[in-house]
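> build the 3D model from these lines:
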Amino acid sequence: MNLEETLINAVKKVNGFDIYVYDMLNRSPFYDKMIIASVDSLRQANAVVGYIEEFFKDTNFKIRNVEGGNTSWVLIDCYDIILSVFTKEEREHFSIDKIYMDYPKVVIE
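The predicted structure follows:
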C-alpha cells in the first residue's frame, strides 16, 4: 500500500467523507499532494491520527508533524503528502476547497 492509500484508508476507517486528493506537483515546493477530508466529530479527527501512527509502525512512512490535536482541523504532514481532516462545519467555514478549486483533484468515494 502506498502513502496516499494508507492516509485515505485511515480516514475511511473512521467514516470520513468528502475525501479529495489535490495534485500539488509543480505547484508547491513543499508537498506533492493535499488530501482533504471531513469527519463528524473531534473524536473521529483524533482517531485518524491514531490510525495513521499505527499503520506507519510497520512501514517506512514517516510523519513530520501533526497540528491541531483535539481541534476541528487536524493537519498531518507526511512530507510528500499533507492530510487535512476537518469537521464538516470547519471545512465549510474556511471554504478550504475554494482555495484549491483550480487544482486537479480526485474525489474518493
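> quick one: the helices in this structure?
3-13, 42-56, 88-94, 96-99 (DSSP state H).
> highest mean neighbour count out of those?
Most buried of the helices of the chain, by mean neighbour count (mean count of other Cβ atoms under 10 Å): helix 3-13, with a mean of 19. Every C-beta, even on glycine, is put in place using the N, C-alpha and C of the backbone.
> which other helices and strands contact that one?
strand 17-23, strand 33-39, helix 42-56, strand 73-78, strand 81-87 (3 or more Cβ pairs under 8 Å, 6 or more residues apart in numbering; DSSP states H and E).
> residue 11: which of the ones you listed is closest?
Ranking those by proximity to residue 11 (Cβ to Cβ) places strand 33-39 first, at 4.5 Å.
> so how far is that closest one from its chain's centroid?
Strand 33-39 sits 4 Å away from the centroid of its parent chain (Cα atoms, centre = their mean, to the nearest Å).
> strands paired with it, and their directions?
Strand pairing for strand 33-39, determined by DSSP bridges: strand 17-23 (antiparallel), strand 81-87 (parallel).
> buried residues in the first one, which are they?
Translated: strand 17-23. For strand 17-23, a neighbour-count test (16 or more other Cβ atoms under 10 Å) marks 19, 20, 21, 22 as buried.
> residues contacting the last one?
In other words, residue 22. 33, 34, 35, 36, 100, 103, 104, 105 (Cβ atoms under 8 Å, 6 or more residues apart in numbering).
> doesn't residue 6 make contact with residue 81?
No. At 9.4 Å, residue 81 does not count as touching residue 6 under the criterion of Cβ atoms under 8 Å.
> before we move on, back to that, which of the helices and strands packed on helix 3-13 has the lowest mean pLDDT?
Sorting the helices and strands packed on helix 3-13 by mean pLDDT places helix 42-56 lowest, at a mean of 90.
> which strands and helices sit next to that helix?
Applying 3+ Cβ pairs under 8 Å, 6+ apart, we find helix 42-56 packed against helix 3-13, strand 33-39, strand 73-78, strand 81-87.
> could you export those as JSON lines, including distance to residue 54?
As requested, the helices and strands packed on helix 42-56 are arranged in JSON lines below (distance: least, Cβ to Cβ, whole Å):
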{"stretch": "helix 3-13", "distance to residue 54": "9"}
{"stretch": "strand 33-39", "distance to residue 54": "17"}
{"stretch": "strand 73-78", "distance to residue 54": "13"}
{"stretch": "strand 81-87", "distance to residue 54": "15"}
